Structures are given as structure tokens and as C-alpha cells.
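**Student:** need a 3D model of the following:
(chains A and B)
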Amino acid sequence: MRLNYPSEVKVLQVPCTGRVDILHLLKAIEDGADGVYVAGCLEGECHFLTGNIKTKKKVIYVKKILEEIGMNPDRVEMYNLSSAQGGRFAEIAHEMTEKIHKLGPTPIKK
Amino acid sequence: MIVADRKPLTEILTMIEAQEKILIVGCKGCVTVCNTGGLKEVEILASSLGIARKKENRPLTIDTTIIERQCDNEYVEQLRDKVNDYDAVLSMACGVGPQFLSEAYPGQKFYPAVNTTFYGGAVAHGIWEERCAGCGTCIIHDFEGLCPIARCAKSLLHGPCGGSSQTKCEINPDTQCIWDHIVARKMELGKLEDLMKVRELRDWRSARDGGPRQSIREELTQ
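**Tutor:** Numbering: from 1, shown residues only, chains lettered A, B, ... in the order given. Now for the predicted structure:
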């Protein structure tokens, strides 16, 4: 397929989206990431049944925290796609990068 | 367990507005079980406050720790080495924690990071409900294990009030009328006549109405 996606996206692999923790997302923001997104399996198709649903709730929780402290909650996002959707993966990377570019750099000073 | 909820971040940020170095202390007791003040929540609060202050370009040095129970002086004592190295300390325990800490370390300022709400239990993952009012005179056996003191908005003892409608309490359409539940349970067990019993006026002095309470167990005192 050899699809391109923006080089500023750093991919961190986890065995299941369910492994992603609230703290992983917060620490990324705290350490200066402009945005963080979780790319999980399609809803209803989690190999471990509900990993992606659980993390969807964690993402919503982190959005609430960001909102509370006056940061744009759109800097954190959750997407669902299957491992066979390479095209969609690249599309999401472009979509999220574009959104973050519009929001501008993080207000967090390192 | 004692159930608590984390205070809004804006309220906590206002409390520590002037501070530059703080310690957040969690508790491994009730607040860990109700996912409010355990190790994970301490780290989440630290990260959230860290982000908020970095955003304002006023970085905050935050250290975190957790002790077995903040309501026991033997564990509170474990903080002695470090507690005075900070501008302030945030306690994520129930309301007992910051009080025990303040008593043990009078020179330090302790802030509560949680609002203590009730004695209850988890009815489902992530949902806690009030079950006990700590009234000091337990009578739940008379009501098939359903406490009308804690679970009736008016703490009625002789049946539902006029606000009970279609199994719900008038205070909130989501709140179960516990008296509806008690009557249904008594009917199910064929013990409805139990509710005919007229109770003497309740002595509320064993509850909060009698002022702050104390429990002394002579066989344990030294």
C-alpha cells in the first residue's frame, strides 16, 4: 500500500486499546504533545471484548479534565478502525494533524 | 466504605494558587476503593495540576505519595521526614485525613482535594450509592436490610410519605422510594404486619444530633 502519513505523528503500540490509560494521555499532554489520539478497533470488534469501549470512556474523562483546566479538549481524540484499514489509518493521521495545526501549538511550556 | 468525589480542578487550583511546591497524599483506605484518592487518582491529579500550571507558565513542583490510612496516626507519622519540605499538602483522603494530618503537623497547611459524600457501596462498576447514615442505632433488621434512615429522604420509620409515586421519591425521579421497596419486600415475605408496629420516638442523640461522637473500647486502650 505504501501510504504516507504526517511525520509528526508518533505511533506507540499497545496490545489492545484497553491498555491505554488516562495517565498515558495526560502525561503526553503534560510533556508537551500538541495532541494525542487513540486508534482503537471498531466498536464491537475488540478481541478482548470491551477494551476500545473502556478507553473511549477514558478519552472522554481526559477531555473533561482538559476542559476544566481551560485547554481545548479536541487535543485528545479517539478513533475506531480495523487493522485492515490502512487507508483509513493514514486518513485519520492527516485529519488529526490538520485539526491540531488549526488549534496551534500546545500552551504547555516545557 | 466512605465515598468521596474529587473536588473540581478549578477549586483545587485556587487553593494552591500561591504555592510552588506541593505534596499530594493519597490514602489506601476507602478512597482507594471508591477510586477517588488512591495511587492512580493521586497521579492523575498531579498530572492535571501540572498541566494547568504549565499552561499558565507558572510551573508547580508536585510530589506524590500514598499511605496506608490517613485516619491512623501510626501511618500519618510516616510523612514526618518530608511533610515540611513543601509549601502545602493536598490530601486525597476523606475529611478525616486532612484533620489527622493537620493535628500531627501543625506547622503545615493541608488542603482537602476531595469532597466526602457518604457511607455506601458500589452497586455497579463506577456507581456508588449511600447505604448508611452512621446514626449510631442500627435497626436495618426490622426493614429486611433496607435502611430507612439513610435511604429515605425524610428518614421516616412508619411508611412512605405522600411524595412516593410509582416506586420513586419526589426529590428525584431517579431515586428509589425506599419505603416502596421495604413494603414490597415485606409483602413478598408475607410479613407486612411487621410494619404495623408503632415505634417509640427515636433518640437522635446517638446520631450527629448529639454532637461529635467518640467510641472507646477499654480493652484496647493503653
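
**Student:** what ranges do the helices span in the chain?
**Tutor:** I went with chain A, as the question did not name one. For chain A, the helices defined by DSSP state H occupy A:22-30, A:51-68, A:86-103.

**Student:** ah, I was thinking of chain B
**Tutor:** According to DSSP H, the helices that chain B contains are B:9-15, B:30-33, B:39-55, B:73-76, B:96-104, B:148-151, B:178-188.

**Student:** which secondary structure element of chain B has the lowest mean pLDDT?
**Tutor:** strand B:172-176 (a mean of 94; mean pLDDT, DSSP states H and E).

**Student:** residue nearest the centroid of chain A?
**Tutor:** A:Tyr37 (0.9 Å; CA atoms, centre = their mean).

**Student:** what about the nearest residue to it once chain neighbours are set aside, distance to chain B?
**Tutor:** Leaving aside its chain neighbours, A:Tyr37 sits nearest to A:Glu77 (4.2 Å; criterion: CB to CB, 6 or more residues apart in numbering or on different chains). The C-beta positions use only the backbone N, C-alpha and C, and glycine is treated the same way. Counting by CB to the nearest CB, to the nearest Å, the separation of A:Glu77 from chain B is 17 Å.

**Student:** check whether A:Glu77 really touches A:Gly40, as I assumed.
**Tutor:** No: judged on CB atoms under 8 Å, A:Glu77 makes no contact with A:Gly40 at a distance of 11.0 Å.

**Student:** so between these two, which is more surrounded?
**Tutor:** A:Gly40 (24 against 18; other CB atoms under 10 Å in any protein chain shown).

**Student:** distance of the more buried one from B:Met15?
**Tutor:** 36 Å (CB to CB, to the nearest Å).

**Student:** mind listing what the residue nearest to A:Tyr37 touches?
**Tutor:** Counting by CB atoms under 8 Å, 6 or more residues apart in numbering or on different chains, A:Glu77 touches A:35-38, A:59, A:96, A:99.

**Student:** ok, now B:Glu68?
**Tutor:** Contacts of B:Glu68 (CB under 8 Å, 6+ apart): B:27-29, B:75.

**Student:** now list the buried members of those.
**Tutor:** The neighbour count (16 or more other CB atoms under 10 Å in any protein chain shown) marks B:27-29, B:75 as buried among the contacts of B:Glu68.

**Student:** for A:Leu3, give me phi and psi.
**Tutor:** phi -90, psi 150 (degrees, to the nearest 10).

**Student:** that one and chain B, how far apart?
**Tutor:** 33 Å.

**Student:** would you map the strands across chain B?
**Tutor:** Secondary structure of chain B (DSSP state E): strands located at B:2-6, B:21-27, B:61-67, B:88-91, B:110-112, B:114-124, B:127-132, B:168-169, B:172-176.

**Student:** what residues does chain A put near chain B?
**Tutor:** Applying CB under 8 Å from any CB of the partner chain, we find that chain A lies next to chain B at A:22-23, A:26-27, A:29-30, A:65-66, A:68-71, A:107-110.

**Student:** quick one on the thing from earlier: just name the most buried of the helices of chain A.
**Tutor:** helix A:22-30 (a mean of 20; mean count of other CB atoms under 10 Å in any protein chain shown).

**Student:** and that helix, what does it pack onto?
**Tutor:** Contact partners of helix A:22-30 among helices and strands, from 3 or more CB pairs under 8 Å, 6 or more residues apart in numbering or on different chains; DSSP states H and E: strand A:36-40, helix A:51-68, helix B:39-55.

**Student:** how about the ones you listed, which one is nearest B:Phe118?
**Tutor:** Closest approach to B:Phe118 among the helices and strands packed on helix A:22-30 is made by helix B:39-55 (18.1 Å; CB to CB).

**Student:** identify the residues contacting that closest one?
**Tutor:** By CB under 8 Å, 6+ apart, helix B:39-55 touches A:22-23, A:26-27, A:29-30, A:65-66, A:68-71, A:107-110, B:6, B:9, B:12-13, B:16, B:22, B:24-26, B:28, B:31-32, B:35, B:59-60, B:62, B:64-66, B:90, B:92, B:113.

**Student:** got it, and stretch B:203-217?
**Tutor:** B:133-137.

**Student:** what's the first-to-last distance across it?
**Tutor:** 22 Å (CA to CA, to the nearest Å).

**Student:** can you read off the pLDDT for A:Lys110?
**Tutor:** According to the prediction, A:Lys110 has pLDDT 64.

**Student:** how close does the residue nearest to A:Thr106 when sequence neighbours are not counted sit to B:Ala46?
**Tutor:** The shortest distance from A:Thr106 to any non-neighbouring residue, by CB to CB, 6+ apart, is to A:Asp34 (4.8 Å). A:Asp34 sits 22 Å away from B:Ala46, taking CB to CB as the criterion.

**Student:** hmm, back to that, state the distance from the residue nearest to the centre of chain A to A:Arg75.
**Tutor:** 9 Å.

**Student:** repeat that for A:Leu49.
**Tutor:** Between A:Leu49 and A:Arg75 the computed distance is 29 Å (CB to CB).

**Student:** okay, those two: which has more neighbours?
**Tutor:** Taking neighbours as other CB under 10 Å, A:Leu49 and A:Arg75 compare with A:Arg75 leading, 24 against 12.
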